[in-house]
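[1] Please find the sequence and the predicted model below.
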Amino acid sequence: MRSCQSKLDVVITVDVEIWCDGWRDLDVRFPDAFRRYIHGPTAAGGYGLPYQLEVLSGHGLAAVFFVEPLFAARFGLQPLAEIVGIIREAGHEVQLHMHTEWVDEALEPLLPDIAGKRQHLRHFSRADQAILIQKGKAMLRQAGSGAINAFRAGSFGFNHDTLHALAANGLQFDSSYNATLLGPDSGVMPGTLLTDPVHCSGIDEYPMTVFRDGRRLQHAQLTCCSSAEMEGLLWQAWQQGRQAFVLLLHNSELLNRAKTRRDPVVVERFRRLCQFLERHRDSFRTVGFTGRQCSVRGFQHGPLSSPFYRTGWRLLEQAYRHKYG
């Protein structure tokens, strides 16, 4: 049990990425995709990355922005530099994210003899993963990111080779393990379901926080977790004395699926989360990876749990979102 004086580290992670709704006519589609995914203009105002940063900073919270850079191998450094500049100007940290679907779209090959899509980093050899991580890290540095010491694979599609590739590139932290997706068969600590930070193959792994909702295992993300669930899970993690709570957003998460309107349910969840964390600073502190020297404990608590009545309310919210989004 946690003492009343100690705080739970909350790692708000935001995966920043751009998609062009298909792989045809990329050069024509990209400018509008960039505008929608990054700035999120709607009739009610912008609800993209600048809005998220404004709300986080307004509540005095820190967040980690895992920025996907490989699209710049197709469209140039300027749009990547704009993204990095927006984040850095707001005082938040930039770390490396990587969606390998962009590898075969590069104007100059990132790897030799690569043809066709490979959705996950785990589909590449350890040597090729190391090359891609090196090039992605270099792109972010050229865009003005500052030092990079943490990574997340796109779609959480990493494996044990990824940790070796990260260590070879001087990175210290990874946050690619998600017990609800590809984490259990990643080869990282086989036979153990990772729910808490652990040191493995020279890397400190910070897995996604996951919970059982009475139906299945879920990860802590605004689009699939109600405010009541999130707050209950945070208190539960605090009471259990956990080392960290890692939750997920995306830069376009506050918009509807078409990226044309704000999603009022998720916007409200985001604002309530920020208000909650600001109000309970005596119990929770938002942290990143830059300058982090904390050694991990390695103890695995297992998934958190949420009562079914909270899940039921979330299901009603989700039905509303899907009908009117």
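    That came through, no problem.
[2] So which bits of stretch 201-211 are buried?
    For stretch 201-211, burial by neighbour count (16 or more other C-beta atoms under 10 Å) applies to Ser201, Ile203, Asp204, Glu205, Tyr206, Pro207, Met208, Thr209, Val210, Phe211. Placement of C-beta: from N, CA and C, glycine included.
[3] err, stretch 87-101, not the other one
    87-88, 90, 92-101.
[4] between the residues you listed, which is closest to Leu248?
    His97 (11.5 Å; C-beta to C-beta).
[5] my read: that closest one touches Phe71, true?
    No - assessed by C-beta atoms under 8 Å, His97 is found out of contact with Phe71, at 10.8 Å.
[6] Need the overlap of contacts for the two.
    Glu17 (C-beta atoms under 8 Å, 6 or more residues apart in numbering).
[7] Give the pairing partners of the lengthiest strand in the chain; include direction for each.
    Looking across the chain with DSSP state E, the single longest strand is strand 8-16. Neighbouring strands of strand 8-16 in its sheet, by DSSP bridges, are strand 64-67 (parallel), strand 244-250 (parallel), strand 284-286 (parallel).
[8] re earlier: with pLDDT as extra columns, can I get the buried residues of stretch 87-101 in a markdown table?
    Formatted as a markdown table, the buried residues of stretch 87-101 follow (pLDDT from 0 to 100):
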| residue | pLDDT |
| --- | --- |
| Ile87 | 98 |
| Arg88 | 98 |
| Ala90 | 98 |
| His92 | 98 |
| Glu93 | 98 |
| Val94 | 98 |
| Gln95 | 98 |
| Leu96 | 99 |
| His97 | 98 |
| Met98 | 98 |
| His99 | 98 |
| Thr100 | 98 |
| Glu101 | 97 |
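[9] Now go through those residues and say which are in strands.
    If you go by DSSP E, the buried residues of stretch 87-101 have Glu93, Val94, Gln95, Leu96, His97, Met98 in strands.
[10] and the second one, bridged to which residues?
    The reference is to Val94. Note on Val94: beta-bridge partners by DSSP bridges are Phe65.
[11] That one against Gly85, yeah?
    No - using C-beta under 8 Å, Val94 is not in contact with Gly85; the gap is 9.8 Å.
[12] how about the buried residues of stretch 87-101 in a markdown table, adding distance to Asp113?
    Below are these laid out as a markdown table (distance: C-beta to C-beta, whole Å):
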| residue | distance to Asp113 |
| --- | --- |
| Ile87 | 34 |
| Arg88 | 36 |
| Ala90 | 41 |
| His92 | 38 |
| Glu93 | 35 |
| Val94 | 31 |
| Gln95 | 29 |
| Leu96 | 24 |
| His97 | 25 |
| Met98 | 19 |
| His99 | 20 |
| Thr100 | 15 |
| Glu101 | 17 |
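[13] Quickly name whichever of those residues is closest to Gly46.
    Of all the buried residues of stretch 87-101, Gly46 sits closest to Ala90, with 13.9 Å by C-beta to C-beta.
[14] mind listing what that closest one touches?
    Ala90 sits next to Leu53, Glu54, Leu56, Ser57 when contact means C-beta under 8 Å, 6+ apart.
[15] gap between it and Pro50?
    Computed as C-beta to C-beta, to the nearest Å, the Ala90 to Pro50 distance reads 8 Å.
[16] Show the pLDDT at Gly291.
    Per-residue confidence for Gly291 comes out at a pLDDT of 89.
[17] How much space separates it from Gln239?
    Between Gly291 and Gln239 the computed distance is 28 Å (C-beta to C-beta).
[18] okay, those two: which has more neighbours?
    Higher neighbour count among Gly291 and Gln239: Gln239, with 12 against 9, using other C-beta atoms under 10 Å.
[19] Phi and psi next, for the more buried one.
    With angles defined as degrees, to the nearest 10, Gln239 sits at phi -60, psi -30.
[20] Pull out the buried residues from the contacts of Ala90.
    The neighbour count (16+ other C-beta under 10 Å) marks Leu53, Leu56 as buried among these.
[21] Now distance to Ala244 too, for the contacts of Ala90, in CSV please.
    Listed next are these as CSV, based on distance: C-beta to C-beta, whole Å:
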residue, distance to Ala244
Leu53, 22
Glu54, 25
Leu56, 18
Ser57, 22
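[22] Just flag the most distant two among the contacts of Ala90.
    Pairwise distances across these peak at 7.4 Å for Glu54 and Leu56 (criterion: C-beta to C-beta).
[23] Low-confidence regions, the protein specifically.
    For the chain, the stretches flagged by pLDDT under 70 are 1-5, 308-325.
[24] mind listing the helices for it?
    26-34, 49-58, 72-75, 77-89, 126-142, 160-168, 227-239, 264-279, 308-324 (DSSP state H).
[25] So which of those helices is the most surrounded?
    Comparing the helices of the chain by mean neighbour count (mean count of other C-beta atoms under 10 Å), helix 160-168 ranks first with a mean of 22.
[26] got the angle between that one and helix 126-142?
    Relative orientation of helix 160-168 versus helix 126-142 (axes from the mean of the first three to the mean of the last three C-alpha atoms, to 10 degrees): 50 degrees.
[27] how distant is helix 160-168 from the center of its chain?
    With C-alpha atoms, centre = their mean, to the nearest Å as the basis, helix 160-168 stands 19 Å off its chain's centre.
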